[in-house]
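J.: below are the sequence and a predicted model for it; my questions follow.
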Amino acid sequence: MSNLPGLFGILNITTDSFSDGGVYLDPDKAFEQALALHAGGADIIDIGPASSHPDSTPVSAQTEIERLTNIVPALQAHDIPVSIDTYQTQTQRWALQNNVDWMNDIHGFADPSLYPDLAASDCRLVVMHAIQSAGAATRTPPPEGDIFEHICRFFDMRLAELVQAGINQTRIVIDPGMGFFLGDKPEPSLTMLARIDELKTLFGLPVLVSVSRKSFLRALSGRSVEESAPVTLAAELWAASKGVDYIRTHDPSQLRDALKIKAYVSDFVKN
């Protein structure tokens, strides 16, 4: 069967995530959901201790660490790969000290003071682009000009900084950002979905896409968060058809089944 992209299963241990805020704040419920995501096909559990949508409430690094302390060791004890989704340096240092497998930063690891610690570790890094220079997403118009060129300039700069600091590129996955991280209109996200294969070719690095339940899909379809599973799956399958290496999703079981059927049909046609 054709190669399938790796899946990051989204686990929000927050009070105000746009899709499931408060549902998995309890450690027992978070652990049960992590096991369900993993059983459903998630290769990595991507844990978000704070929300980053435009209406989210800021959370201190200490609160993030307290939330993570309640779930990360339990998953590691079950040999489940863990990713920490945070842009706060203190939380990232905690993640490195606790030997997590991945870190996922919406600002692409913007703090140079962390680079020596990153270089000394073997943690894999999801280096994401966002038009916001700091903090959570905002309802900001897209930057003027070609969004693809804008994103490429960001990766040119950030990847050079990370490599110069001694971080091997083999540990890096790039993510162009989607939704409000590209602006308050759907068009930049659609542009990047259409050209995602170009980004992979240009930088020669694995690419991750995260479109699950995003606002631009809901705006295009007129669907609510609760009704967004079909439009999410359509966008994820498109990204897979363009050769992305990883997909970050709320519903890995649905996506894994769809990817398997797509691969079976593709292999059948080839044979």
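T.: Everything's here; your move.
J.: list phi and psi for Val127.
T.: phi -90, psi 100 (degrees, to the nearest 10).
J.: do you know how far the residue lying closest to it once chain neighbours are set aside is from Phe154?
T.: Nearest residue to Val127, sequence neighbours excluded (Cβ to Cβ, 6 or more residues apart in numbering): Gly108, at 4.3 Å. Every C-beta, even on glycine, is put in place using the N, C-alpha and C of the backbone. Per Cβ to Cβ, to the nearest Å, Gly108 is found 7 Å from Phe154.
J.: likewise Val173?
T.: Applying Cβ to Cβ to Val173 and Phe154 gives a distance of 15 Å.
J.: residue boundaries of the strands in the stretch 101-250 of the chain?
T.: 102-105, 124-128, 172-175, 208-209, 246-249 (DSSP state E, counting those that start in this stretch).
J.: who's in contact with the fourth one?
T.: Translated: strand 208-209. 8, 126, 128, 173-176, 178, 193, 196, 236, 239, 244-248 (Cβ atoms under 8 Å, 6 or more residues apart in numbering).
J.: for this structure, give the strand that spans the most residues.
T.: Counting by DSSP state E, the longest strand found in the chain is strand 6-12.
J.: show the average pLDDT along the helix or strand following that strand.
T.: Where DSSP states H and E defines the elements, the next helix or strand beyond strand 6-12 is helix 27-39. Mean pLDDT, helix 27-39: 97.
J.: circling back to that earlier point, quick one: strands adjacent to the longest strand of the chain?
T.: Strands that pair with strand 6-12, judged by DSSP bridges, come out as strand 44-48 (parallel), strand 246-249 (parallel).
J.: do a quick rundown of the helices in the stretch 101-250 of the chain.
T.: Assigned helices in the stretch 101-250 of the chain, in chain order: 115-120, 147-164, 187-194, 196-203, 215-221, 229-241 (criterion: DSSP state H, counting those that start in this stretch).
J.: quick one: mean pLDDT for stretch 240-257?
T.: Summarised as a single mean, pLDDT over stretch 240-257 is 97.
J.: how about stretch 73-91?
T.: Stretch 73-91 comes out with an average pLDDT of 98.
J.: distance between the ends of that stretch?
T.: This stretch, stretch 73-91, spans 15 Å end to end (Cα to Cα, to the nearest Å).
J.: now do Glu227 against Arg153, distance only.
T.: According to Cβ to Cβ, Glu227 stands 36 Å off from Arg153.
J.: hang on, the earlier thing: redo the strands of the stretch 101-250 of the chain as JSON lines? Include mean neighbour count.
T.: Output for the strands of the stretch 101-250 of the chain, formatted as JSON lines (neighbours: other Cβ atoms under 10 Å):
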{"stretch": "strand 102-105", "mean neighbour count": "24"}
{"stretch": "strand 124-128", "mean neighbour count": "23"}
{"stretch": "strand 172-175", "mean neighbour count": "23"}
{"stretch": "strand 208-209", "mean neighbour count": "26"}
{"stretch": "strand 246-249", "mean neighbour count": "25"}
